[in-house]
Every structure is written in structure tokens, then in C-alpha cells.
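Participant: Give me the fold of what follows.
(chains A, B, C and D)
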Protein chains: 4
Amino acid sequence: MIKVGVLGARGRVGVEVCKAVHAADDLELVAAVDKDDALDPIAEAEVVVDFTHPDVVMGNLRWCIERGVHPVVGTTGFDPGRLDEVRALLAANPGTNALIAPNFGIAAVLMMHFAQQAARFFESAEVIELHHPNKADAPSGTARRTAELIAAARAEAGLDAMPDATSQELPGARGADVDGVHVHAIRLAGLIAHQEVILGGDGEILTIRHDTMNRSSFTPGVLLGVRRVRDLPAGLTVGLDALLDL
Amino acid sequence: MIKVGVLGARGRVGVEVCKAVHAADDLELVAAVDKDDALDPIAEAEVVVDFTHPDVVMGNLRWCIERGVHPVVGTTGFDPGRLDEVRALLAANPGTNALIAPNFGIAAVLMMHFAQQAARFFESAEVIELHHPNKADAPSGTARRTAELIAAARAEAGLDAMPDATSQELPGARGADVDGVHVHAIRLAGLIAHQEVILGGDGEILTIRHDTMNRSSFTPGVLLGVRRVRDLPAGLTVGLDALLDL
Amino acid sequence: MIKVGVLGARGRVGVEVCKAVHAADDLELVAAVDKDDALDPIAEAEVVVDFTHPDVVMGNLRWCIERGVHPVVGTTGFDPGRLDEVRALLAANPGTNALIAPNFGIAAVLMMHFAQQAARFFESAEVIELHHPNKADAPSGTARRTAELIAAARAEAGLDAMPDATSQELPGARGADVDGVHVHAIRLAGLIAHQEVILGGDGEILTIRHDTMNRSSFTPGVLLGVRRVRDLPAGLTVGLDALLDL
Amino acid sequence: MIKVGVLGARGRVGVEVCKAVHAADDLELVAAVDKDDALDPIAEAEVVVDFTHPDVVMGNLRWCIERGVHPVVGTTGFDPGRLDEVRALLAANPGTNALIAPNFGIAAVLMMHFAQQAARFFESAEVIELHHPNKADAPSGTARRTAELIAAARAEAGLDAMPDATSQELPGARGADVDGVHVHAIRLAGLIAHQEVILGGDGEILTIRHDTMNRSSFTPGVLLGVRRVRDLPAGLTVGLDALLDL
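Facilitator: Residues are numbered from 1 along each chain as shown, chains lettered A, B, ... in the order given. Below you'll find the predicted structure:
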């Protein structure tokens, strides 16, 4: 039984995390704390999940790490400088690990990983992401990151530019160009968050698709982090990939 | 047994049409004529299939219609003026009908028809077309036409503009705008010709997809035209839709 | 402004219907009644939505129809006998119409309609339905009904049996046989309710897919019924199709 | 420039391999041999591709390996006994390697690999394969193998049986059971060879799909084998996976 605390426990994500911890046989929810609460109950936890805000997460991490509570963090805003700060904190408190991941959706993380692995073997690859129409950015951060990973894998494998004879294009028809990879963003009422990577070569196509069907899609990834964080290599782990043994 | 002649019989499409006519139990191939051949054997046919060239098709049609041979035409280049010319020819030769269709792929024609019918009922609709990378235009003519049909159906139903909160767009990410309908063109080695219309509303999505798997995909539509042209309403019929009893 | 009453207002579906009526500019929610409430407030409504139970729906309908309130009914259990009873009630109360529909999902109804229309033109057609793993029946009622419609359309068009050279089959691999149409049921955690009809012929494939993304997917269909029921042909209308002008 | 010989050069596959070798800048086709030809020209090759017949392939391999020609083999019928025989031959002729693969389609091999990797992380997984209607076996060998790999990965990860509340099943609706994984076989005119693995968990779905679009889809895998066979670990390599650095 792992004792788990949740920071940001009344936020949209935190609520789902609390439910999932509560429902898991091997986990015990010992503290559910939000912004106006004292942190003290968290000291009882072995692992803490933080889905709070960039403004407070560094303070939370310092507090937890100094008390030997292993953080699993989905809060955004970690640039290289912040990651280095966390590394220093962990070095000063040996025996405590931290996991920080920009995406806790296991299917999304697998999709990106597989796309990157497959990219070397196909002449062509494009990314289509499909989201609800309230999304502000196009393409999504995940689509952009996927395209960058594909481009890097192609470059490393020494692949030529993708074939494309387009000579008459209605502006935008071929999508956005991210490092030479075309990325298309669909916005449709009724959709949630979906992405498709299509890779094509001589007579064969490989498609890797990810569908988020509801807002709890990240909880299996968070629980995996909670269960594994203490046994990760000493210090900081960035990204869920590292836990997937791929 | 319908006696069938083929004009453009040695062209890429004509060869497939000859094969298909030959293989059909209810059709007899009585003439296969190409550009250096005399037209005379075509006079024996009841129906003639013309996949030739805009430069010669009008002469072919006059020759056939004057001899009471019903033309089924896939040759391109028919603008309203040419269609009126054909109508006049048919009026002068009562008892002879003609079918001219820009697309003989039944699945493609159904896709467009269904997209148009469904468009009234959904807040959002986008078009994704996927083709081999040797294609010069993006989006395809079929995708553009589909988007126009969707836009017209929405306008007639009095629908508002589609919801779209995009405020930060990498150029092209949201595709091309055809009468307010976003159209995305994918180009990928290994693909042939494919199109997907996605319609979305409150909690439900309808997708209509068409895949062309090889170059004979138009032959069922041509044979349908051959079998039905004599029984169509007197004069000229434009588009395969009219034969599909939709 | 149409005055709307809801019967079964505290049920899972009724709650969503109340929300949707409330949110619509042209509708006014004048009565929300559930099983322990008196029916009287419903008398104020012009249209009543009934998502209750087969045990009480006939009494509800009699009460409403006798008071000139037009019912829109999603409650299940209407066999031909019950439908005839409703027809008699309406005949005795001229000026009041009723709409009874087994499925208010517009995308699902369109999928079935399009599948039926397209079935005549393809050598092969199969149905794949995909649902959450808590579903008791396989295949779903919608899939079974779709297969029946496809089979009927093929029979009417005089099509031969579908080609299938399978000679070594692991039991069940080819799915269930519904009137000669193969139907496959997938059960997967994370899914909600989805169905795909795939039709194939010489070199081309047409796919019609429906995805239910959440539990409010039926509300647009219910609202359409509410807005249109008073103007339908006098008496009883069965099925949402009749309102879609297909 | 690698000197390549082809055995079975006039067979359906061999013809495509010869074309692909011929078209590749870094490969030279030095011998194209079929069943009535002498093997001698093959001795000039560094690598030989064998798509022949189970009855003759063992003789071919002995002849090639004894002459230091590295075989890349797509011929079927290799059971463990035959593989051991090849291993013994290679051990007796150090410096010569062989690659034997049941499937040279890179997309298909990646699909299987990714399915196996992902299977550990999802409550549910099913396999849908879709083929032309002339196929004799259902499900396909690839689908069956994929299901076995998924089942093994789940067992190793200690996953429970997949959730499935089906209590009323039309026979066959839930597909074939391969080690607890449901496998569905679709047969449709117009299709070639396609497979989809769908994995689902709490609120998210991962789909991995492979489409074979024409008969040359295996050539990139064969060429990869040709280019890499000499540098593989000494002796026999079974399966294309080993060359994909996954």
C-alpha cells in the first residue's frame, strides 16, 4: 500500500486523480490539499501528485523533496532552468526521486514513441490532429512535438525530403510545415482530442492513432508514475516514456 | 445483350472499360476504337463509352448521336456551353440519350451525396483528402467540390458559421478554406486516392470515407451508365448521381 | 417559443433533455416531471418529451394526447400492437401528432440510411460495431438493424450473395451472420458506442462511421423532434428518419 | 554496390524483387534464376533473394551457403527443424549469414511489434483484419500471430482477463478467440490486406493500422534485408524485426 498525497486536489485533474487513487487497491489517499490548505498532511505521504500551477509548483516540490516525499508532477511550465533546479534539490536530498511529465496519457506517449521509431522506414509521414473547436492553438503541442520527433528520426536515418509534386495549392491545403513534416489540424464539435500519424512507403501504409475519450484518460499514466517513481533511477526522470520500458 | 462500343479503347481507362464490358454477361463489345481508327464500327453499337480527349469528344458525340448511338462520356472539359451544344444535338435527334459524368466512381459520388445530405444536421464539417505524392493540385477537385456542396447545404439550412476558437495558428495548420469549409490535403507515398468527410455535433461524429484501391474503380459506374443510359429521361443527363436513385 | 414538458425528467436521459431545452432560445421548459410527481404541469406544454419506462409510457401518452400535448417519445418497448394503440388514440384526438423513435442519434440514423442506400451498389458489405465492455448484447441492436436493412436493399436490387472464399475458419472469425451480412462486435475499455459499415466493390471502398462521444449525443435529435412534431403528417410518425428529409 | 541474385525470379514476388533491385542505385542484379534454370549465375552474387517453394528452398540454401552467398529468404514452410538445419549449414560455413522472414512488409512487422509493446498498458485489445474475399483462411496468419503476441505480453505483465459483459451473443459476433484475444476477419471485394489492432483503457484508445496497397509492399523489406544481411550477427536471423533496431 503506497501512501499518496494530492496537491491541487480540487482542480479538474486533481479530482480525477483523487478518485483514481481512492479506487486503486494498492494505493491509499492520505492527503488531498488545494491552494488554501496547509501542506502538512502531505508529509504523511510517500508519493505526492502535483497538478497545480507554474507559480506554486517549485515551492511545492522543495517542500516535498526536503521531507522525502517523491513527487509525480503534471503541472506545466518546466523549462530547462526549472528542471535543473529540481535536479539540484534532489541531489541535495538523496533517496528522493521525482517524475515530471508533460503528458500522462499513455496512448499519446506510445503514439509519439512509435511514430518516431517507424519514421525511419517510410518515404512519407504526415500528422493529423483533431480536437474540439474551443482549442486556441493549431496545431496542438502534441502534434507539433510528434512532427519534430519524426523529422529528427528521418534526419538521423539520412532520409531525403518527402516526395510532393504539389504545384497548385489553395493556401493552407497542405497544412503547416513543422521541420518538413506536414501537420493538419481539424476542429470539430463533438471531438475531444485525437491524433493520427500516417506513414507511407512503397505500397504500404502504417497509421498510429490516439483517441482521448474523456477527461480521465491521464489517470492510468499518473498511477503508473505513483507506483514506479520510488524505483526509478536516482534523481529526476522527465517524461512518461522512461516508465514504459519501450 | 447490349451492344457496346468504346472510343479511346487503347487509353488507360479505355482498356479497363473494354475488359469490363467483355467480362459482363449482359454486354457485348462490338467496337473498340482509338484515335487512328475509323469510327464506322461504332455504328453497330447501341451504347458508346467515350474516354477520349476534350479536343475530339464533341466530334465523337455528334457522329454517335446522329447515328442513334447513346453516349456515356467520361471525357473531361464540359463547360456549360458544351453541355448546351450536346443538348441541342440530342433535341435534334430524338430517341437518343447521353450521359456525361465528371466522376464515374460510385463510392466517390455516394460520398459527396451523403456529405451534402448530412451537412444540414451538424455544427461542424471538414474534408480530408489523401492522395499519392505525384498529384499536382491540392486539394483535389473532388474535395473542393465536396466542400462547396457542404457549404451550400449549410447555407440553405440556415446554419451559422462553424465554431472555431483558433487564435494561434501555424500558417496552414487549419487547411484551405473553401466557402467556409476547411479542406486538408495529405500527400503520401503508398496512397492512391482517398477522401474523408467528418461531420460533428453535440457528442456525435459521422464520418464518410471513400478509398480508391486501384485504377479500375470507375468501371462499375461506367457499366451502370451503359445499362441505364437508354432508359434515362430524354436528352442529356449530367452526373452519375441521377442513376443512383438516391 | 415552444412550451416543452419533460417526463422522466430526473432520469439519465431526461436530465440531459431538460438541460438542452433550457439552453435552446426557441424552447421553454414549462414542466419537468418524474415518477412520483403529478402530471398536471405537463398540460401547460405544447410538446412533451417522454423518456420513461415501458410500464408507464402508454398511460403517459393517453394522458398527453387527450389534452392535445404532442408527444416525442424515446421510451423503448413499442411493438406493432402498441404502435396501433397510439395510432387509435391519435385518430380519436385529431390535431395532435406523436413521434416515436427507437434512436434519436442523428448520426446513427443517417449512418443506417446511407448504408441502406449504398448497399445496392457494392458486391460486399459488413458491419463492425464497437462498444464499451459493459454491454450485454452482441451485436448491438443498431448493428443488427443495419445489417437487416443492408440485406433487404441487396435483395431488392437482386444482388448475388457476397463473395467469400473462406474455407478454414477459426470459429467466430467471420462474425455473426444477420440475413447474410457479417456483423462483428468489438468490446473495449475506453470506447463508448461506435459503428462502421464498410462496403466494397471493384477497386473502391465506402465506409460510413458513427461515433457517439458522450451521453448527450441524442439531444439534437430530440430537439429536432420537439421543433417538428406539430408539423408532421397527422397522426403517428415512427423513426427520426422521417424528419431528416432524406 | 551489392551484387544480388534472385531465385524464383519469374514468380509473382520474384518479378517485383528483380524490378526493385534493378531500380536501386546501390544494388546490382547479377542473376535472375527460376526453376528450369541452372543455379550457376547465382555464384556471382554476394546476396541472394529466395522466394521459391518449400520443396526446393533447402537445396537452394545449401548451394548458396556453401558458395558464400548470403541468403535473404521469404519462402514459406520453415519449421523449427528446418531452421536448425540452416543454422548447422551456416555454422559449417562461417562468414555467411542468412535472413529468413515470414513477412517482409515493414509496416506489418512494425504493427505487430508496436501492438506487443503497447499491450501491457491497456485493459482491452482486439484485432481486426480485413482482406479481399478470395482469401481461404480466417483469420489471417498475421492476425493470429499478432493476437498471440498480445496475449503473451499481457500474461507477462500480469494483466487480468479483458473486461467483457457479453451475455447474449449471436454466434460469432464477438469473433474468434486466440489465447483470449478476440480476432475479427472482414472479407470485402475491393480490399487487399489490412489489419487494425485496437487497444483501450480508461478514457483512451490506441489504434495501430497497417494497409497493404499493392503487391510490391514487401520490396522495401526485402531490400533492407539485402543491404543488411552481411552485417547481421553471425549465422541465422529469423524475422525482419531484428533489422529494424526497435
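Participant: Only C-alpha atoms from now on, for both contacts and neighbour counts.
Facilitator: Will do.
Participant: tell me the SS of the most centrally placed residue in chain A?
Facilitator: What sits nearest the mean C-alpha location of chain A, by C-alpha atoms, centre = their mean, is A:N103, with 1.1 Å. Following DSSP: H, G, I helix; E, B strand; the rest coil, the label given to A:N103 is coil.
Participant: what pLDDT does it get?
Facilitator: At A:N103, the pLDDT value in this model is 90.
Participant: and if you look at A:M112?
Facilitator: For A:M112, the model assigns a pLDDT of 97.
Participant: That one belongs to a helix?
Facilitator: Yes - counting by three-state DSSP, A:M112 is part of a helix.
Participant: quick one: contacts for it?
Facilitator: Contact analysis of A:M112 by C-alpha atoms under 8 Å, 6 or more residues apart in numbering or on different chains lists A:T146, A:L149.
Participant: Pull up the gap between it and A:E196, please.
Facilitator: 10 Å (C-alpha to C-alpha, to the nearest Å).
Participant: Could you do A:I2 as well?
Facilitator: For A:I2, the distance to A:E196 - C-alpha to C-alpha - is 36 Å.
Participant: The two: which has the busier surroundings?
Facilitator: More neighbours surround A:E196 than the other of A:I2 and A:E196, with 23 against 16 (other C-alpha atoms under 10 Å in any protein chain shown).
Participant: Please, which helix or strand holds the more buried one?
Facilitator: strand A:193-201 (DSSP states H and E).
Participant: Export the helix or strand harbouring A:L206 to CSV, keeping only CA atoms.
Facilitator: Per DSSP H and E: A:L206 is located in strand A:204-212. Taking Å, rounded to 0.1, in the frame of the first residue of the first chain, the C-alpha atoms of strand A:204-212 are listed here in CSV:
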residue,chain,number,x,y,z
GLU,A,204,2.1,0.1,-47.7
ILE,A,205,0.7,2.5,-45.1
LEU,A,206,1.1,2.5,-41.3
THR,A,207,-1.3,4.5,-39.2
ILE,A,208,-0.9,5.1,-35.5
ARG,A,209,-3.9,6.8,-33.9
HIS,A,210,-4.7,8.0,-30.5
ASP,A,211,-8.2,8.9,-29.2
THR,A,212,-8.9,10.6,-25.9
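Participant: Please report phi then psi for A:D50.
Facilitator: phi -120, psi 110 (degrees, to the nearest 10).
Participant: ok, it to A:A234 distance?
Facilitator: As defined by C-alpha to C-alpha, A:D50 lies at a distance of 19 Å from A:A234.
Participant: Just list whatever residues bridge to the closest residue in space to A:R227 that isn't next to it in sequence.
Facilitator: Spatial nearest neighbour of A:R227, excluding adjacent residues (C-alpha to C-alpha, 6 or more residues apart in numbering or on different chains): A:I2 at 7.6 Å. In this structure, A:I2 bridges to A:L27 when assessed by DSSP bridges.
Participant: Roughly how far does A:I2 sit from chain B?
Facilitator: Noted for A:I2: a distance of 38 Å to chain B, by C-alpha to the nearest C-alpha, to the nearest Å.
Participant: need the contact list for that residue.
Facilitator: A:D26, A:L27, A:E28, A:E46, A:V47, A:R227.
Participant: Buried among these? Make that a PyMOL selection.
Facilitator: Buried members of those, defined by 16 or more other C-alpha atoms under 10 Å in any protein chain shown, are picked up in PyMOL with:
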select buried, chain A and resi 27+28+46+47+227
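Participant: ok, of the contacts of A:I2, which one's closest to D:G77?
Facilitator: Ranked by distance to D:G77 (C-alpha to C-alpha), the contacts of A:I2 are led by A:R227 at 45.2 Å.
Participant: In three-state terms, label that closest one for me.
Facilitator: At A:R227, secondary structure determined by three-state DSSP is helix.
Participant: For chain A, which helix extends over the most residues?
Facilitator: With DSSP state H setting the assignment, residue counts place helix A:141-156 as the longest helix in chain A.
Participant: helix or strand right after it?
Facilitator: strand A:168-169.
Participant: Parallel or antiparallel, which strands does that next one pair with?
Facilitator: Using DSSP bridges, strand A:168-169 pairs in its sheet with strand B:137-138 (parallel).
Participant: contacting residues around the partner strand?
Facilitator: A:T166, A:S167, A:Q168, A:E169, A:L170, A:A173, A:R174, B:A185.
Participant: of those residues, closest to chain C?
Facilitator: Closest approach to chain C among the contacts of strand B:137-138 (C-alpha to the nearest C-alpha): B:A185, at 18.9 Å.
Participant: wouldn't the closest one be in contact with B:P133 here?
Facilitator: No - here B:A185 lies out of contact with B:P133, judged by C-alpha atoms under 8 Å, at a distance of 10.5 Å.
Participant: Between these two, point out the one with more neighbours.
Facilitator: More crowded of B:A185 and B:P133, by other C-alpha under 10 Å: B:A185, with 26 against 19.
Participant: average pLDDT for stretch A:69-84?
Facilitator: Mean predicted lDDT for stretch A:69-84 stands at 95.
Participant: For it, buried residues please.
Facilitator: Within stretch A:69-84, the residues that count as buried by 16+ other C-alpha under 10 Å are A:V69, A:H70, A:P71, A:V72, A:V73, A:G74, A:T75, A:T76, A:F78, A:L83.
Participant: likewise stretch A:203-223?
Facilitator: Residues of stretch A:203-223 classed as buried: A:203-214, A:216-223 (neighbour count, 16+ other C-alpha under 10 Å).
Participant: Then stretch A:15-32?
Facilitator: Per 16+ other C-alpha under 10 Å, stretch A:15-32 contains these buried residues: A:E16, A:V17, A:C18, A:A20, A:V21, A:L27, A:E28, A:L29, A:V30, A:A31, A:A32.
Participant: Also stretch A:37-55?
Facilitator: Using 16+ other C-alpha under 10 Å as the test for burial, stretch A:37-55 gives A:L39, A:I42, A:A43, A:E44, A:A45, A:E46, A:V47, A:V48, A:V49, A:D50, A:F51, A:T52.
Participant: you'd agree the last one is up against A:R12?
Facilitator: Yep, that's A:T52 we're talking about. No - contact criterion C-alpha under 8 Å: A:T52 and A:R12 do not qualify, at 10.2 Å.
Participant: How about the residues of chain A by chain C?
Facilitator: Listed as neighbours of chain C in chain A under the rule C-alpha under 8 Å from any C-alpha of the partner chain: A:G190, A:L191, A:M213.
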